[in-house]
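1. this one's structure only:
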């Protein structure tokens, strides 16, 4: 038995004795701990395990509401009901799902699929939402029969509601159930959560959403809640106020009724967006509860594309509106002065090709002011040839064309300012004289969004500042660059624009308003080149898709405040006659003229 | 080679403890994996795989016992070199599991070099220590520590702090076993605890998190503290007699993600209660005691040091794993020998026991 005794010749801190000591210590320490957990505290833990189960519940943070400039709610939260199951408490999942299908009238197979998907994202002791947005009478039925179905509960979740419906669809966008990709990318999202999918709801998702809270609670064996403790308070999302004015927006939508196109009204001094109309529109509320296949199909297949946010997503040739840029380039480069004249006999020849002015008979002797007032094409053909494509293209880019305006809305298009280099690289063809001629009157490859034109017009009257269009009232002006025009140049162009409205021969005389300085430039963008067959006919006789696009870019000044108003009517025919009344309606609404909105 | 005399010195106690522990482990895994039914995993997948690995390990065990351990002396450095190369291999070619590169993918066989490196380090350190006479001074200490630091640093980089510390702890144990000069011992006994807080700066964020959570599990009950709380509830609710085999259905335990590996003892504690747990703990202590006996009776210094290395190899794993499951140690990913599921570690565990048996069987061969 000698070997069981510690050796005498080595100390306790070295040699085999160490091992013996450690063995004893190991047994003693862990043994005591086991005794403590399993004997002393056994009852406590048994209670915890069997009777009291700790559960956690997410506390939903309300999404921030959105108001217009005057405080009218345009996006709010209303209660919505959903059926949820706690898998662990369901004795028979299949039968429970059958029952839920019969309550809600949902397809049983769809229910199974959605249940299987959700299973991966919720723990078995957490509430898993199975069907969302159920009507109140169904809620009442479920509540009445729920006690037969352990594990089933009705949960209340806030639902987004847009009281103004289609009016603001393209500004607000909408929220809808987060898809798998969004759930995977954003750990803060839980199954069944709504996220912004378009518009401000998407662009400002982070600010609107807030942060979920967490609550811990204990339930006993029959599911009664015993005690709860808040681990983390929910942080509500931020309430936002748009700069947009609902009455103005309404006027724009009314003026655009039956037309496809866009209206943009900017506060030219700050860049705030006062109205943003895209026509036709859609009802964002359809998407919140999950849009039906039928409705979705109708939206997607509509030839007028109601989902398209035209002010920023549609780029069209600017037509004669581009002459504002041309005039600036001419004056700044010294190619022309205000008194430079060109004789317009209705035709302009380059090589063996002849380009026509829109007025067959010609404008006679034309100076800069007259060229803008009466929108003489020949003047700009000549100017374009003198400037050359590179100068025009460079100048247009510095005017903010061909680049996104940076407005807080998703999927903005940049438009395009062509150049000889661009054409060679992208189309593999040489830039020809005709391309320059086309670009000079805003035709051909150059395309701009209504928002870009609005920003440009605003810069003409706000001291030359290219401002980022701002959606929120709280946004502070953000200068993105300066218009490459001197004060004198800008004044000269603005004066010519006023002449368009006020003087004989002007193309937008219908915009004249007493006491308000209004300036404008019309534009007619050809859809099909040289549509000789249709040229002499009235707009009504031309098939819709071949009709020209109508532009009207205007500014208005009253009491030292400036506004930019741009209307664009797709296939509207002539700029002045089609887009003019729209801008007129906006001016009336803006300055409280005519009938009150 | 296989002399009949060898069998007279087989440490039967050690073998009995080994077989009992492995048997309990397999039975417990059967229970632990049956609870995973609802996740769609086969009832017996882990349990069956563990049996296959057990059979394989037994084969390796027999071979390990048959070859005289003195050959290991010659193999020590080459094995160590291969181990370090493998670690470098993992670093550049390894497979990432749970965010760490620890596995080398060799077709159907996933090799975890960390485990094999532990064996190599023990053998090399035993070799170095066996050549030194008397208690260690500073210079000898530096030599030994250097041999351990190279692989430990590589493993730390994987990152696998648990295994890196484990290697250092094993070597530390072997050094204390060999004995330090009183002056060295005293300096280290004061110095290491004093400098330990500096180690905080070497920890990764999640490791700091684990330590903080260990100090206060309720700080993050849904995340890192979840394991600690749930495993204690499981064990505590087992009570004195336990809930019985296959009946440990403590609901929260179902959400213990690593219950078949690192937290396997929680399943045992719940189903077999205090009686079963203390018995398994006692069995581990007997197992360690058997290894201690071998260190006392080994015929040469190399064998003695080797056995002490194996002792510490198991000692730390049992202490750290059980301590973690019982909530008195931070959560570190170290399995419980013979009970946790895992092929590589089971194989290495058997190899380790084979080393000790090997030393024990040949203890008197050259003395008489």
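-> Here it is on my side, so go on. Predicted, not measured: the structure shown is a model, and the values here were computed from it. Numbering: from 1, shown residues only, chains lettered A, B, ... in the order given.

2. show me what contacts residue B:14?
-> With contact set as Cβ atoms under 8 Å, 6 or more residues apart in numbering or on different chains, residue B:14 has these partners: B:287, B:290-291, B:294, B:353, B:356-357, B:360. Just so you know, the C-beta spots here come from the backbone N, C-alpha and C atoms, and that holds for glycine as well.

3. now swap in residue B:116 and tell me
-> Taking Cβ under 8 Å, 6+ apart, one finds B:83, B:86, B:344, B:348 in contact with residue B:116.

4. And those residues, which is the shakiest by pLDDT?
-> Ranked by pLDDT, the contacts of residue B:116 bottom out at residue B:344 (80).

5. Distance-wise, check it relative to residue B:351.
-> 11 Å (Cβ to Cβ, to the nearest Å).

6. if we can go back for a sec, out of the contacts of residue B:116, who's nearest residue A:384?
-> Among the contacts of residue B:116, residue B:86 lies closest to residue A:384 (Cβ to Cβ), at 73.0 Å.

7. right, and the closest one touches residue B:117 too?
-> Yes: counting by Cβ atoms under 8 Å, residue B:86 does reach residue B:117; the two are 7.1 Å apart.

8. neighbour-wise, which of those two wins?
-> The residue with more neighbours, out of residue B:86 and residue B:117, is residue B:117; 25 against 21, by other Cβ atoms under 10 Å in any protein chain shown.

9. Need the nearest residue in space to that one, chain neighbours excluded.
-> residue B:83 (3.9 Å; Cβ to Cβ, 6 or more residues apart in numbering or on different chains).

10. Remind me what the helix or strand containing that neighbour packs against, helices and strands.
-> Following DSSP states H and E, one finds residue B:83 within helix B:70-93. Here helix B:70-93 touches strand B:100-106, helix B:113-131, helix B:138-156, helix B:301-325, going by 3 or more Cβ pairs under 8 Å, 6 or more residues apart in numbering or on different chains; DSSP states H and E.

11. model confidence over the shortest one, on average?
-> Read it as strand B:100-106. Per-residue scores along strand B:100-106 average to 53.

12. what does stretch A:368-381 give?
-> For stretch A:368-381, the per-residue pLDDT averages 93.

13. and the closest residue to chain B within the stretch 251-400 of chain A, what does it touch?
-> Of all residues in the stretch 251-400 of chain A, residue A:290 sits closest to chain B, at 29.0 Å by Cβ to the nearest Cβ. Counting by Cβ under 8 Å, 6+ apart, residue A:290 touches A:132-133, A:176-177.

14. coming back round to it: tell me which residues of the helix holding residue B:83 are tucked away?
-> B:72-73, B:76, B:79-80, B:82-84, B:86-87, B:90 (16 or more other Cβ atoms under 10 Å in any protein chain shown).

15. Which residue ranges of chain B form strands?
-> B:95-97, B:100-106, B:109-111 (DSSP state E).

16. Nearest to chain B: which residue in the stretch 401-550 of chain A?
-> Counting by Cβ to the nearest Cβ, the stretch 401-550 of chain A gets nearest chain B through residue A:410, at 33.2 Å.

17. Tell me the spacing between the residue lying closest to that residue once chain neighbours are set aside and residue A:469.
-> Using Cβ to Cβ, 6+ apart and skipping residues adjacent in sequence, the residue nearest residue A:410 is residue A:202, 5.1 Å away. Here the criterion is Cβ to Cβ. By it, residue A:202 lies 17 Å from residue A:469.

18. Stretch B:51-68: which residues count as buried?
-> Applying 16+ other Cβ under 10 Å to stretch B:51-68 flags B:53-54, B:57, B:61, B:64-65 as buried.

19. ok, how many other residues are close to residue 48?
-> You didn't pick a chain, so chain A it is. Counted with other Cβ under 10 Å, residue A:48 comes out at 22.

20. I was thinking of chain B, sorry if that wasn't clear
-> Neighbourhood size, residue B:48 [other Cβ under 10 Å]: 15.

21. does chain B sit close to whichever strand or helix holds residue A:29?
-> Assessed by DSSP H and E, residue A:29 sits inside helix A:16-35. Yes: using Cβ under 8 Å from any Cβ of the partner chain, helix A:16-35 reaches chain B at A:16, A:18-20, A:22-24, A:26-27, A:29-31, A:33-35.

22. quick one on the thing from earlier: turn the contacts of residue B:14 into a markdown table, including neighbour count.
-> Output for the contacts of residue B:14, formatted as a markdown table (neighbours: other Cβ atoms under 10 Å in any protein chain shown):
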| residue | neighbour count |
| --- | --- |
| B:287 | 25 |
| B:290 | 22 |
| B:291 | 30 |
| B:294 | 27 |
| B:353 | 29 |
| B:356 | 29 |
| B:357 | 27 |
| B:360 | 25 |
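
23. now, which of these lie close to chain A?
-> Answer for these near chain A (Cβ under 8 Å from any Cβ): residue B:291.

24. that older thread, any idea which of the helices and strands packed on helix B:70-93 is most buried?
-> The highest mean neighbour count among the helices and strands packed on helix B:70-93, using mean count of other Cβ atoms under 10 Å in any protein chain shown, belongs to helix B:301-325: a mean of 25.

25. Relative to chain A, which residue of chain B is the closest?
-> residue B:236 (2.6 Å).

26. Hmm, that residue is touching residue A:47, no?
-> No: in this structure residue B:236 lies outside contact range of residue A:47 using Cβ under 8 Å: 9.7 Å.

27. more neighbours, these two?
-> residue B:236 (30 against 14).

28. ok, that one - contacts?
-> A:37-38, A:41-42, A:44-46, A:48-49.

29. how is chain A carved up into domains?
-> With domains defined by automatic domain parsing, chain A comprises A:56-241, A:246-300+A:307-590.

30. As CSV, these with distance to residue B:331 would be great.
-> Shown next, in CSV, are these (distance: least, Cβ to Cβ, whole Å):
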stretch, distance to residue B:331
domain A:56-241, 20
domain A:246-300+A:307-590, 42
